[in-house]
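[1] What follows is a protein structure lacking sequence information:
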């Protein structure tokens, strides 16, 4: 997320604001912070300046710090939201609407020629593999804006091009639910971001400070036995 490139046109700016706006309820004064950027969406008014740069950096910071970006809570279920555009895959790992991590990856030219269903399935598989240390051995939910994927995963026999991806999901305990494109704004925005090819992923996770770690250790009987 911190590597999100500066928008060079209205389309790219709209994608960035689509993601940040999705979490605006967690950002105090979001409207005021984003104002220099939202005014650039007006017709024939895209002129990037220092004020826009400051707003852009402030929103990126807000997206990667508490209270927007949250620490994982192992007592809560995880949700993986995914999406695929023509050349990128995007996903968000969240709990209770708070993002835990963001993920974005550019597709190879060969992958870009695959059907939208296979690209959407690729997004799911790569996101699940990326966050396996969070979700392996736990029940979680996958949200996708492709209804067909829900039924595809329930079929006993599928076409070979889908089978190779489905086998990578064996061992994971999940259900897949449909959500409309309008509800899938965060993952959709991440599937449309354009970054240099070497920046294939964007992942940000919360970091606990020493005070938090100390409290957790003191309150865990098993850890106390190890420390003693």
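    Everything's here; your move. Given the structure is predicted, the values throughout are model-derived calculations rather than measurements.
[2] need the helix or strand of the chain with the lowest average pLDDT.
    Among the helical and strand segments of the chain, the one scoring lowest on mean pLDDT, DSSP states H and E is helix 221-227, with a mean of 43.
[3] Next one: residue 32 from residue 38, what distance?
    Applying CB to CB, to the nearest Å, the value for residue 32 to residue 38 is 10 Å. The C-beta positions use only the backbone N, C-alpha and C, and glycine is treated the same way.
[4] What helix or strand is the residue most central in space within the chain located in?
    Central residue of the chain (CA atoms, centre = their mean): residue 92, 2.0 Å from the mean position. Using DSSP states H and E, residue 92 sits in strand 88-95.
[5] ok, that strand: who's next to it in the sheet?
    strand 78-84 (antiparallel), strand 98-106 (antiparallel) (DSSP bridges).
[6] re the thing from before, surely the residue nearest to the centre of the chain meets residue 190?
    Yes - between residue 92 and residue 190 there is a contact at 6.8 Å, judged by CB atoms under 8 Å.
[7] Need the residues touching each of those two.
    102-103 (CB atoms under 8 Å, 6 or more residues apart in numbering).
[8] Leaving out chain neighbours, which residue sits closest to residue 142?
    residue 176 (4.4 Å; CB to CB, 6 or more residues apart in numbering).
[9] Identify the residues contacting residue 173.
    Listed by CB under 8 Å, 6+ apart, the contact set of residue 173 reads 137-140.
[10] Quick one, which of those are buried?
    By neighbour count, with 16 or more other CB atoms under 10 Å, the contacts of residue 173 hold residue 140 as buried.
[11] okay, the contacts of residue 173 in JSON lines with distance to residue 65 and pLDDT next?
    Formatted as JSON lines, the contacts of residue 173 follow (distance: CB to CB, whole Å; pLDDT from 0 to 100):
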{"residue": "137", "distance to residue 65": "29", "pLDDT": "93"}
{"residue": "138", "distance to residue 65": "26", "pLDDT": "94"}
{"residue": "139", "distance to residue 65": "29", "pLDDT": "95"}
{"residue": "140", "distance to residue 65": "24", "pLDDT": "97"}
